[in-house]
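Enquirer: sharing a sequence plus its predicted fold:
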Amino acid sequence: MSRAARRAALKKGRRGEWLALVFLILKGWRICARNYSAQGGEIDLIAWRGSVIAFVEVKARRDFASAETAIDGFKLTRIARAADHWLTRHPWAMTRTLRVDAIDIVPWRWPRHRTDIAPLG
């Protein structure tokens, strides 16, 4: 992948994460962290609403089908690793319902929020 293509993909990803953040806030979620990374894992957004803490992966793609298939087992492992690290630093969260969510961003469509896409851990 060329440097320009990498830069364009990064810009598209940042824009998608920003849209997902606004989307979650409008749905009543509070954002605990953005772009959290630790020990070989990374989480785009960590959000909290009521008794639920969601570790959110954001995928900006051309269509919903490719966004859905972009989250594979390897990515889920990295999310779980980072979530475990975040939870050790925020023990208050252990009393909440924990889940992995995804927000799919597709041009000219409302974002799609998929809840509880995989077991955590």
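Expert: Right, received. Where do you want to start? Keep in mind that what you see is a predicted model, and the values were worked out from it rather than measured.

Enquirer: quick one, strands of the protein?
Expert: Secondary structure of the chain, counting by DSSP state E: strands at 30-38, 41-49, 52-60, 97-105, 112-118.

Enquirer: other SSEs contacting the last one?
Expert: Here strand 112-118 touches helix 64-69, strand 97-105, going by 3 or more CB pairs under 8 Å, 6 or more residues apart in numbering; DSSP states H and E. To be clear about C-beta, it is placed using only N, CA and C from the backbone, and glycine gets the same treatment.

Enquirer: out of the ones you listed, which one sits most buried?
Expert: strand 97-105 (a mean of 21; mean count of other CB atoms under 10 Å).

Enquirer: pull the distance from that one to the chain's centre.
Expert: 6 Å (CA atoms, centre = their mean, to the nearest Å).

Enquirer: buried residues in stretch 114-121, which are they?
Expert: Arg114, Ala118, Leu120 (16 or more other CB atoms under 10 Å).
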